[in-house]
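**Q** Any chance you can model this:
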Amino acid sequence: MLVERRLIKNIDFTVLITVILLVLIGLAMVYSASHATGSMLDLRKQFIGVMLGFTGMIIIILVDYHAITRLKLAIYIGNILFLLAVLMLGRDIHGAKSWFSIGPFGLQPSEFAKVAVIITLAKYLANKESFASIWDLFMPFVYVAAPLFLILMQPDLGTALVFVFILFSMLYMAGAKGRHLLAIIVAGFMLFIAMVLASKVTYLPHLLKPYQIDRLTSFLHPQADVKGSGYNLIQAMIAVGSGRFAGKGFLQGTQGRLGYVPEHKTDFIFTIVGEELGFIGGFLLLALFFALIWRGLRIAYQAKDKEGTLIATGVLAMFLFHVLENIGMNLGVMPITGIPLPFISLGSSSMTASLWAIGLLENVWIRRRKIMF
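**A** Coordinates of the predicted model:
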């Protein structure tokens, strides 16, 4: 009972309240995006994700994060097997095998893979003594390569990019030299350019599919293909802009409801926010994400050990990339990668995994003082 009181006393309530507000906004936006059909199935699926997420979050908070990371081998192997299984048994949706079908519901292993990689990589890097040479970065890259490759096989390029951002952020916080990481980024960018050029020559193997390259580059000139690769982006910008300062009002949006914005419940749900709640609603949503990320930084820097710092850094990097990329692609300033907006986009797997990640943040914060337990 004493331990439970100390847990409650030391919870970061700013993080908790911020997340609850984001979840409520997300449920409202999913309802708004779905209400024209008269079906509440999407809202029910999202609510199940919320319930599973908060339940898992409570369990994670109660278990010391050191006990969780000690299971790194089991978590790593389980993660690989889970990703392999979806490739063999998963449901093909829009050309990607990323989901298991469970009745009317879908389970997306790649969302949980992010949390698994954060936990296992934090334990691995915490035991790493130094990164004196650029070659010391080789094994961490190999460590992440297996789940990353399996996700690319689905194919899910957006989630793969999240993994890369998490890896670089955690490596930097673990002590890797900035110049080494920058050199790898430059080399990777040059490789990407080479793959784009290679895709134009049909007799060379395409490491990236043509539609993936179109999605990544269409934001530069969306008007070049207004009915093809630029369509989603143009419609998203029209929807966001139509909300102006105060928005059209809750449930009063038309662009998404009438089907002009594809994937308006998932990848482009920020268009619903912009159209119905306007600049004010979009700004308040960004303010909530800023508060969450700011508190995440504080948790990372005040963790009691390197392991806790790395877990918090991984969670923070995951949320930061999702927010910047998703909102950026809705505004036409970032490539279209198809990743959800945490707590807002429709997707019970994303909601559940995001809330579990918040449980890890709270876990690190609660146990920042060694004298507690």
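
**Q** Count the neighbours of I59 for me.
**A** Burial of I59 is recorded as 11 neighbouring residues (other Cβ atoms under 10 Å). Quick note: C-beta positions are derived from backbone N, CA and C, even for glycine.

**Q** Whichever strand or helix holds it packs against which elements?
**A** I59 is part of helix 41-62, with elements assigned from DSSP states H and E. When contacts are defined as 3 or more Cβ pairs under 8 Å, 6 or more residues apart in numbering; DSSP states H and E, helix 41-62 packs onto helix 13-34, helix 348-366.

**Q** hey, which of those is tucked in deepest?
**A** helix 348-366 (a mean of 26; mean count of other Cβ atoms under 10 Å).

**Q** Which one of the helices and strands packed on helix 41-62 lies nearest to K123?
**A** When the helices and strands packed on helix 41-62 are compared by Cβ to Cβ, helix 348-366 sits nearest K123, at 12.4 Å.

**Q** what ranges do the helices span in the chain?
**A** 2-10, 13-34, 41-62, 65-69, 72-89, 109-126, 138-153, 157-174, 178-199, 210-217, 231-242, 270-302, 306-331, 348-366 (DSSP state H).

**Q** Rebuild those as JSON lines, extending it with distance to L341 and mean pLDDT.
**A** JSON lines is the format used below for those (distance: least, Cβ to Cβ, whole Å; pLDDT from 0 to 100):
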{"stretch": "helix 2-10", "distance to L341": "29", "mean pLDDT": "66"}
{"stretch": "helix 13-34", "distance to L341": "8", "mean pLDDT": "92"}
{"stretch": "helix 41-62", "distance to L341": "13", "mean pLDDT": "92"}
{"stretch": "helix 65-69", "distance to L341": "26", "mean pLDDT": "92"}
{"stretch": "helix 72-89", "distance to L341": "23", "mean pLDDT": "91"}
{"stretch": "helix 109-126", "distance to L341": "13", "mean pLDDT": "93"}
{"stretch": "helix 138-153", "distance to L341": "19", "mean pLDDT": "89"}
{"stretch": "helix 157-174", "distance to L341": "12", "mean pLDDT": "91"}
{"stretch": "helix 178-199", "distance to L341": "24", "mean pLDDT": "79"}
{"stretch": "helix 210-217", "distance to L341": "17", "mean pLDDT": "62"}
{"stretch": "helix 231-242", "distance to L341": "12", "mean pLDDT": "76"}
{"stretch": "helix 270-302", "distance to L341": "6", "mean pLDDT": "92"}
{"stretch": "helix 306-331", "distance to L341": "4", "mean pLDDT": "93"}
{"stretch": "helix 348-366", "distance to L341": "9", "mean pLDDT": "94"}
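
**Q** can the ones you listed go into CSV with extra columns for distance to G338?
**A** Below are the helices of the chain laid out as CSV (distance: least, Cβ to Cβ, whole Å):
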stretch, distance to G338
helix 2-10, 37
helix 13-34, 17
helix 41-62, 18
helix 65-69, 29
helix 72-89, 16
helix 109-126, 11
helix 138-153, 12
helix 157-174, 4
helix 178-199, 17
helix 210-217, 7
helix 231-242, 10
helix 270-302, 13
helix 306-331, 9
helix 348-366, 12
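
**Q** Just say which of these is most tucked in.
**A** Most buried among these, counting by mean count of other Cβ under 10 Å: helix 348-366, with a mean of 26.

**Q** could you give the angle of that one to helix 306-331?
**A** Here helix 348-366 points in a direction 140 degrees away from that of helix 306-331 (axes from the mean of the first three to the mean of the last three Cα atoms, to 10 degrees).

**Q** Show me what helix 348-366 is packed up against.
**A** By 3+ Cβ pairs under 8 Å, 6+ apart, helix 348-366 packs against helix 2-10, helix 13-34, helix 41-62, helix 65-69, strand 105-107, helix 109-126, helix 270-302, helix 306-331.

**Q** Can you give me the separation between V144 and M29?
**A** Distance, V144 to M29, using Cβ to Cβ, to the nearest Å: 32 Å.

**Q** ignore the last one, L21
**A** 13 Å.

**Q** Also V164?
**A** If you go by Cβ to Cβ, the gap between V164 and M29 works out to 28 Å.

**Q** swap in I75?
**A** 32 Å.

**Q** same check, this time on I68
**A** I68 is 32 Å from M29, by Cβ to Cβ.

**Q** now swap in G49 and tell me
**A** Distance, G49 to M29, using Cβ to Cβ: 14 Å.

**Q** cool, and I48?
**A** Distance of I48 to M29, given as Cβ to Cβ: 17 Å.

**Q** So what touches the longest strand seen in the chain?
**A** Longest strand of the chain, by residue count under DSSP state E: strand 96-102. The contact list for strand 96-102, computed with Cβ atoms under 8 Å, 6 or more residues apart in numbering, reads 85-87, 89-91, 93, 106-110, 154-156.
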